[in-house]
Structures are given as structure tokens and as C-alpha cells.
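**Q** Provided below are the primary sequence and the corresponding predicted coordinates.
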Amino acid sequence: MEQTLRVAAYMRLSKADETAQTESNSISMQRLLIREYVDAHFADCQITEYQDDGYTGTHFLRPGIQRLLEDARGGRLDCIVVKDFSRFGRNYLEVGDYLEQIFPFLGIRFISINDRYDSAVSAKAGSDLTVNFKNLLCDLYSKDISQKVKSSLLAKKESGQYISANAPFGYEKAADDRHMLVICEEEAAVVRKIFALAVKGVTSTQTARKLNQEHIPTPMEFKSRKGGTVRPPKGGRFCWSGSTVCSILRNPVYAGDIAYGKTEKDQVGGRSILKARANWQIILDHHAPIVAREIFDEVQKSRGVSRGRKTAGNSNPLAGRVVCGCCERSLRIVEGRSPYFTCGNRYVTGRQACVGKASVLSVERVVRQRLSSYLEERGIAAEDICGHDDDSWARRAKLLAKQKQAQTKYDRLKREQYERYERYAKDGGKEFNSLQLKIEKQRQVIRELREQIVETEEQIQAFPHEKLSSGKDVMLTAEKVGRYLKEVVIYSEEEIVVRWKE
């Protein structure tokens with residue numbers, strides 16, 4: 001019997017598409033088009049839908065596409081169908097990599113309906129230059145739109161309009177002008193209290209504790225009262241923290257000023273990078289201040305002063321995975337002769353049930369013992385006793401690093417090829433064709449590295465693991481913690497719960 005074809009229907013709609021009111025790009029229209037195509041071309045198939053509503057196509061950090069790619073890598077898909085290339089992505093380098101390397105390597109067929117592209121047909125016909133240029137045009141279109149939107153927003157900011165979606169704590173948007181801020185007296189009273197305590201020399205942590213003791217609502221609670229969407233709090237209760245108080249004390253909006261141009265993107269669709277404070281653009285006296293400028297300036301003199309407290313950072317393999325059983329917040333490590341885990345929330349909230357001290361050595365001993373039992377029950381390798389499996393993992397890590405370097409070089413060559421295409425007619429395509437040979441060679445390097453990685457992973461899975469010797473503990477390393485442990489919940493040194501990854 002033939003296996004049922006597993007088809008992925010992917011749909012995407014960005015905020016720019018919504019603004020342009022392009023009905024043809026709506027999720028419902030994409031779904032209808034893909035369903036009709038699949039019904040007409042595949043007799044027996046199983047369709048799984050993936051969608052990203054309100055996400056840009058300039059990068060692949062989208063929940064729907066990430067879920068699709070995870071299923072693809074897991075061998076749970078045979079074919080991917082989209083309305084057009086721009087729905088899948090607008091970054092021509094990344095889209096090209098998936099079409100030319102990743103999907104063929106995984107044995108997945110890719111179909112773009114409006115572009116009349118089917119990888120099963122194109123693979124037989126050879127490389128399709130038209131596809132590459134369509135992806136390039138999508139990328140250029142996205143960058144052009146991004147620049148126009150950025151220029152429009154900058155012009156509004158320079159003219160004094162407040163364009164953020166939400167008003168800062170202590171303010172609300174004017175009823176007759178959503179680009180203007182007016183004081184919300186109930187919230188402003190809390191802000192004035194925070195600044196008054198800071199002027200008296202009260203620290204941010206002490207202020208947070210005082211606010212919690214007096215049961216003063218947090219900014220998130222005020223937002224929830226106004227009907228704003230708020231995530232459920234950790235531990236079932238909203239609490240003031242020192243960092244929240246700090247952010248209020250450093251915000252120039254409370255002196256009546258507006259700061260913009262605080263971040264910049266490394267590339268279109270890339271991550272935002274915070275600029276130095278001296279490079280921010282400031283509009284003075286933009287709106288009514290909540291605190292006097294003299295008070296705000298006085299408070300700033302003590303902001304950002306380091307107290308010199310030492311912490312263990314990420315040196316401990318359990319760092320970042322140990323949480324408080326009371327408030328569910330991550331525990332920090334206090335260094336010293338006898339290092340211990342502690343909950344920073346304990347002092348701020350006054351919750352006595354939060355972890356005060358839990359010896360790092362005691363916690364590590366409990367985790368090692370339970371990890372040994374966990375591995376033994378499942379017949380998993382005693383890697384730290386036999387030692388052979390760690391060599392395979394180290395080899396895999398080196399291959400992944402080489403693959404990343406090879407991919408970077410491939411991306412550079414690909415970008416250079418597109419830049420030189422303009423000179424194609426002048427020199428008869430010599431430079432262009434020369435780069436094409438280098439690209440093909442680099443593509444082969446990446447393909448060989450991928451095959452070696454797959455082979456190494458198969459060796460790891462097929463390794464004839466030994467059983468753990470009775471009474472022996474597994475050595476605790478960051479690699480093993482990351483592989484098996486989800487989190488360690490501490491209520492006290494006597495009550496520790498270890499949660500495993502599924």
C-alpha cells in the first residue's frame with residue numbers, strides 16, 4: 001500500500017498586509033486557494049495547517065513556521081504548499097537555502113501555487129534562475145516597505161506625536177488626541193511616591209518591598225483593570241520588583257520629556273539593539289510632568305551606580321534551571337565559602353515561603369542521584385562512566401560549528417553574486433559564472449557536513465549503552481542538564497522536585 005502523502009499548508013499575514021487591506025493575502029483566502037490546489041492535484045493526502053497571523057516575512061522567527069520546520073526535520077512531512085514565495089518568507093538568502101538545500105536534503109517537496117513552482121518538476125529541469133530573482137524582489141520589496149514605514153514613524157516622532165501603542169505607567173492617551181499623553185492621577189500618585197522615596201535614599205529593592213507590603217497595585221494590575229491583555233503572574237500574584245522601580249526612576253517621560261531613537265536594527269527584520277543613552281533623541285517639555293525636573297535630575301545622580309555584589313553567573317550547570325517552589329521565579333546563586341541558592345523575590349514580597357537558603361552542594365547531590373536513577377530506569381547511557389558517548393557529542397558540536405562557518409561563507413558568496421549581476425551584460429557573465437562555481441562548491445561542502453552530522457547523530461543513537469553501576473552518580477555537566485532536565489523546583493533543602501524533559 002502507498003503511504004498517505006503528508007501535506008503542510010502554510011499561511012502568513014503580516015501587519016503591513018492588514019494595513020493595505022489586501023483580501024487576496026488574507027488567511028482565509030490563502031487557505032481556500034491551497035485547499036483547492038491540493039484537492040485537485042493529490043488524491044490521497046493528510047493536510048496539516050500552519051499559520052502566522054500578524055508576523056513579518058523578513059525572518060523565520062515565527063511560531064507557525066518554526067513548528068512547520070520542526071515537523072519537517074522530524075520526518076513528519078512530505079510536501080509543503082504555499083500561496084506564493086512571499087508568504088513563506090521575504091529574505092531571499094534564507095528562502096533560497098530552504099528551496100535549494102534544506103528541503104531537498106530532507107526529501108520534502110515544495111510548491112508555490114501563484115509562482116507556478118514545484119520542486120519535483122524544477123529539480124528535473126535544473127536550477128531555476130527565475131525563482132531566485134522572485135525571492136530577491138520579495139526581499140527588496142520588504143526592505144523598501146520597511147524604510148518607508150521607518151521614515152513615516154520618525155517624522156511623526158520628530159513632530160512631537162506619541163505613537164507607541166500603550167501609554168507609560170502614570171499616563172493615558174488623551175480622549176481627543178491619541179498621540180498626546182495626559183496624567184492618570186491614580187497611577188501618577190504611585191510614581192510620585194516612588195520618586196519621593198528615592199530622594200530620601202531608599203533603594204529600589206526597599207521601595208518595591210514597601211509597595212508590596214502596602215498592597216499598592218503594580219503597573220500590570222492597573223493595565224488589567226483598564227481591560228488590557230495581561231499574562232497570568234508567576235506564583236499567582238503580581239508583585240513589585242526592584243527592576244520595575246528602577247525603570248520608572250530612569251524614564252524621562254515623568255519629567256515631561258519623550259525619548260525616541262533608543263534602538264536600531266542590525267538588519268531589516270533583525271533584532272533591535274539598544275543605543276547608548278547619550279545617542280537618544282529627546283523632546284523636552286513634550287507633555288505635563290508628573291515630577292519636577294529638579295527631583296528627576298537629583299534621582300538620576302544615583303542611578304546606575306554598581307554596588308559591586310558578586311554572583312556566580314552561569315558557571316554552575318544548574319544556573320537558570322532552578323526555580324522557587326513558592327513564587328516560581330528563577331533562583332540566583334550567592335557565592336562564598338558555602339554557595340547557596342536564594343530567591344530574590346523573598347525580600348521584596350515578604351513571602352516567607354520563598355527560598356531563603358538552599359545549599360548548592362546539597363541541591364547538586366540530589367540532582368545527581370535522581371539523574372542516575374532516571375537514566376538507569378530508561379536504560380540510557382552512563383556517558384560519564386564509559387566516556388565514549390561524549391566523544392560523539394564533541395564531534396557533533398565541532399561539525400555544527402564548521403557548518404555555521406560554511407553557511408556564512410555561502411551567504412556572502414550568494415549576496416556578492418546578486419550584486420555583480422548588474423555587470424553581467426558588460427563582461428559576458430565571467431564574474432557571475434565564476435561566483436556560481438564557488439557557490440556550487442560551497443554548497444557541496446555544506447551538504448557533506450550535514451551528512452556527517454546526521455551520521456554522527458545516528459552513531460549516538462545506536463551506541464551500545466552500558467547500564468549505570470549501582471550506587472554511582474552521574475557527573476553533572478551543563479550539556480547533560482540541558483539534555484535531560486526541564487527545571488529543578490526547590491521548596492527547601494529537604495523538598496526538591498526535579499522535572500524532566502519529555
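**A** Yes, it's here.

**Q** show the pLDDT at the residue nearest in space to the middle of the chain.
**A** Residue closest to the average C-alpha location in the chain (CA atoms, centre = their mean): Leu61, at 6.9 Å. As predicted, Leu61 sits at a pLDDT of 84.

**Q** do Gly313 as well
**A** Confidence for Gly313, expressed as pLDDT, is 44.

**Q** what does stretch 242-250 contact?
**A** 169, 191, 194-195, 198, 203-205, 207-208, 211, 218-219, 254, 299-300, 303-304, 348 (CB atoms under 8 Å, 6 or more residues apart in numbering). Any C-beta I mention is one placed from the backbone N, CA and C, and that applies to glycine too.

**Q** the same query, at a cut-off of 6 Å, please.
**A** By CB atoms under 6 Å, 6 or more residues apart in numbering, the residues outside stretch 242-250 that reach it are 194, 198, 204-205, 207-208, 299, 303.

**Q** so where is the stretch 351-500 of the chain shaky, pLDDT-wise?
**A** 380-394, 396-397, 415, 417-433, 457-474 (pLDDT under 70).

**Q** returning to what we had before: ok, now how distant is the residue nearest to the centre of the chain from Asp52?
**A** 10 Å (CB to CB, to the nearest Å).

**Q** could you flag which of the contacts of stretch 242-250 are buried?
**A** 194, 198, 204-205, 207-208, 299 (16 or more other CB atoms under 10 Å).

**Q** okay, and which of those map to helices?
**A** Taking DSSP state H as the definition of helices, those contribute 194, 198, 204-205, 207-208, 299.

**Q** which SS class is Glu49?
**A** What DSSP: H, G, I helix; E, B strand; the rest coil gives for Glu49 is strand.

**Q** meant to ask about Arg90, not that
**A** Arg90 - assigned by three-state DSSP - is coil.

**Q** and it, what's its pLDDT?
**A** Looking at Arg90, the pLDDT reads 78.

**Q** follow-up on the earlier one: between the buried ones among the contacts of stretch 242-250, which sits nearest Gln46?
**A** Checking these against Gln46 with CB to CB, the nearest one is Ala208 at 52.8 Å.

**Q** identify the residues contacting the closest one.
**A** 240-242, 245, 348.

**Q** cool, Lys501 as well?
**A** Lys486.

**Q** and it, how far from Arg370?
**A** From Lys501 to Arg370 the distance is 14 Å (CB to CB).

**Q** please determine how far Pro233 is located from Trp240.
**A** 12 Å.

**Q** so those two - more neighbours on which side?
**A** Trp240 (25 against 15; other CB atoms under 10 Å).

**Q** can I get the ones in helices among the buried ones among the contacts of stretch 242-250 in JSON lines with pLDDT and distance to Arg31?
**A** Formatted as JSON lines, those follow (pLDDT from 0 to 100; distance: CB to CB, whole Å):
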{"residue": "Ile194", "pLDDT": "93", "distance to Arg31": "50"}
{"residue": "Ala198", "pLDDT": "91", "distance to Arg31": "54"}
{"residue": "Ser204", "pLDDT": "87", "distance to Arg31": "50"}
{"residue": "Thr205", "pLDDT": "85", "distance to Arg31": "51"}
{"residue": "Thr207", "pLDDT": "90", "distance to Arg31": "52"}
{"residue": "Ala208", "pLDDT": "89", "distance to Arg31": "48"}
{"residue": "Val299", "pLDDT": "88", "distance to Arg31": "54"}
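
**Q** any idea which of those is closest to Glu328?
**A** Ala208 (17.7 Å).

**Q** just give the nearest non-adjacent residue to the closest one, would you?
**A** Trp240 (4.1 Å; CB to CB, 6 or more residues apart in numbering).

**Q** got the phi and psi for the nearest residue to His179 once chain neighbours are set aside?
**A** Leaving out its chain neighbours, the residue that sits closest to His179 by CB to CB, 6+ apart is Gln161, at 3.9 Å. The phi/psi pair for Gln161 (degrees, to the nearest 10) reads phi -80, psi 140.

**Q** what strand or helix carries the closest residue to Ala478 other than its chain neighbours?
**A** The spatial neighbour of Ala478 that comes closest, neighbours along the chain excluded (CB to CB, 6+ apart), is Pro317 at 4.3 Å. Using DSSP states H and E, Pro317 maps to neither a helix nor a strand.

**Q** Pro317 contacts Val481, correct?
**A** Yes. Between Pro317 and Val481 there is a contact at 4.8 Å, judged by CB atoms under 6 Å.

**Q** please give the element, helix or strand, for the residue nearest to Glu49 when sequence neighbours are not counted.
**A** Spatially, and ignoring its direct neighbours in sequence, Glu49 is nearest to Ala9 (5.0 Å; CB to CB, 6+ apart). Using DSSP H and E, Ala9 sits within strand 5-13.

**Q** list the contacts of the residue nearest to Glu49.
**A** 34, 47, 49, 81.

**Q** ok, now with 7 Å
**A** 31, 34, 47, 49, 81 (CB atoms under 7 Å, 6 or more residues apart in numbering).

**Q** would you mind checking those residues for buried ones?
**A** 34, 47, 49, 81.

**Q** is the first one within a helix or a strand, and which one?
**A** Pointing back at Ile34 there. helix 27-41.

**Q** can I get the CA coordinates of that helix in PDB?
**A** Output of helix 27-41 as PDB, limited to C-alpha atoms (Å, rounded to 0.1, in the frame of the first residue of the first chain):
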ATOM      1  CA  ILE A  27      -5.600  33.800   5.900                       C
ATOM      2  CA  SER A  28      -9.000  32.600   4.800                       C
ATOM      3  CA  MET A  29      -8.200  33.300   1.100                       C
ATOM      4  CA  GLN A  30      -4.800  31.500   1.300                       C
ATOM      5  CA  ARG A  31      -6.500  28.500   3.000                       C
ATOM      6  CA  LEU A  32      -9.100  28.300   0.300                       C
ATOM      7  CA  LEU A  33      -6.500  28.600  -2.600                       C
ATOM      8  CA  ILE A  34      -4.300  25.900  -1.000                       C
ATOM      9  CA  ARG A  35      -7.200  23.500  -0.300                       C
ATOM     10  CA  GLU A  36      -8.500  23.800  -3.800                       C
ATOM     11  CA  TYR A  37      -5.000  23.100  -5.200                       C
ATOM     12  CA  VAL A  38      -4.400  20.100  -3.000                       C
ATOM     13  CA  ASP A  39      -7.800  18.600  -3.800                       C
ATOM     14  CA  ALA A  40      -7.200  19.000  -7.500                       C
ATOM     15  CA  HIS A  41      -3.600  17.500  -7.600                       C
END
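
**Q** follow-up on the earlier one: just give me the neighbour total for the residue nearest to Ala478.
**A** 18.

**Q** my guess is it contacts Glu479. True?
**A** No. Counting by CB atoms under 7 Å, Pro317 stays clear of Glu479, with 8.4 Å between them.
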